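**Q** Below are the sequence and a predicted model for it; my questions follow.
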Amino acid sequence: MFGGTFDPVHLGHLRSAVELHEALALDRVHMVPACLPPLRDRPQVSPQERLGLLKLGIGDTPGLVADGRELERDGPSYTVDTLASLRDEYGREARLIMALGHDAFLRLADWHEPQRLFELAHLVVIDRPDHEAPLSPTLAELIAGREVDRPELLMRRAAGGLLRLALPTRMALSATAIRQRLAQGRSVRYLLPEAVERRIEAASLYRHS
């Protein structure tokens, strides 16, 4: 599972998903747009529109799935509920992975039921080489004894581990900066998939900051 607001989905998101799929030899990567992210501002466009852009961005990319299950639930988009839904779908023995960026990882202790995340899945933190911050005591306690240093060690169990992973292509793209460019009428060429750019242009999305 690779969640986010995808507001809008950009090439950094998609390339990270492809590299996660390869690096961990995953069957598939569910890219899950949050409906109402609890710890972030409300996204600028509707959840349905963001899911539509995600589907356009993924196109026919093998192994990537645009998953709208968080749009079907009322209230905040708690990751633990999404993982529970995936666990029900795939069964107790399946190896479930939740991938998240380093910034989100640093706030993990503030998430809803953070301990239960590890009961449902492994966590893979996409490392940022330019971002070294000390862990809070609560976060350090939460991940104590869970970290492994190789994907094969993670895959020995169905859930409960933590792996930090540096992806080969580090695309430092920011959805915030892309939204600003769109609001200012500036070019976003080569930051977004062409189909996503065409849809945003046709529907005049993100034109007001």
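**A** Received it, and whenever you're ready, just let me know what you need.

**Q** got the residue ranges for the helices in the chain?
**A** All helices of the chain, identified by DSSP state H, fall at 11-23, 47-58, 79-90, 102-106, 114-120, 137-143, 151-154, 175-183, 194-203.

**Q** among these, which is nearest residue 162?
**A** Nearest to residue 162, of all the helices of the chain, is helix 137-143, at 5.3 Å by CB to CB. In this view, the C-beta of every residue, glycine as well, is placed from N, C-alpha and C.

**Q** Lowest mean pLDDT across the helices of the chain, which one is that?
**A** Note on the helices of the chain: lowest mean pLDDT is at helix 102-106, with a mean of 90.

**Q** Name the residue most distant from the centre of this structure?
**A** For the chain, the residue at maximal distance from the C-alpha centroid (CA atoms, centre = their mean) is residue 185, at 27.1 Å.

**Q** For residue 56, see how far away it is.
**A** Residue 185 sits 21 Å away from residue 56, going by CB to CB, to the nearest Å.

**Q** For residue 169, find the nearest of the helices of the chain.
**A** Residue 169 sits nearest to helix 11-23 of all the helices of the chain, at 5.4 Å, using CB to CB.

**Q** Compute the inter-axis angle for that closest one and helix 175-183.
**A** 140 degrees (axes from the mean of the first three to the mean of the last three CA atoms, to 10 degrees).

**Q** Need the residues that contact helix 11-23.
**A** With CB atoms under 8 Å, 6 or more residues apart in numbering as the test, helix 11-23 has contacts from 2, 4, 6, 26, 28-29, 31, 57-58, 61, 63-64, 97, 99, 124, 126, 151, 165, 167-169, 171-173, 190-193.

**Q** Start and end of stretch 136-151, how far apart?
**A** 25 Å (CA to CA, to the nearest Å).

**Q** Could you do stretch 31-43 as well?
**A** Distance between the two ends of stretch 31-43: 17 Å, counting by CA to CA.

**Q** tell me the mean pLDDT over that stretch?
**A** For stretch 31-43, mean pLDDT is 79.

**Q** Pull out the buried positions in that stretch.
**A** In terms of neighbour count (16 or more other CB atoms under 10 Å), stretch 31-43 has its buried residues at 31-37, 43.

**Q** Need the max-distance pair from those.
**A** Between any two of the buried residues of stretch 31-43 (CB to CB), the greatest distance is 17.5 Å, for 31 and 36.

**Q** Quick check: nearest residue in space to the residue farthest from the centre of the chain, chain neighbours excluded?
**A** Distance criterion CB to CB, 6 or more residues apart in numbering; nearest residue to residue 185, sequence neighbours excluded, is residue 207 at 7.9 Å.

**Q** does that neighbour really touch residue 180, like I thought?
**A** No. If you go by CB atoms under 8 Å, residue 207 and residue 180 don't touch, sitting 11.7 Å apart.

**Q** Compute the distance between residue 88 and residue 206, please.
**A** Counting by CB to CB, the gap from residue 88 to residue 206 is 35 Å.
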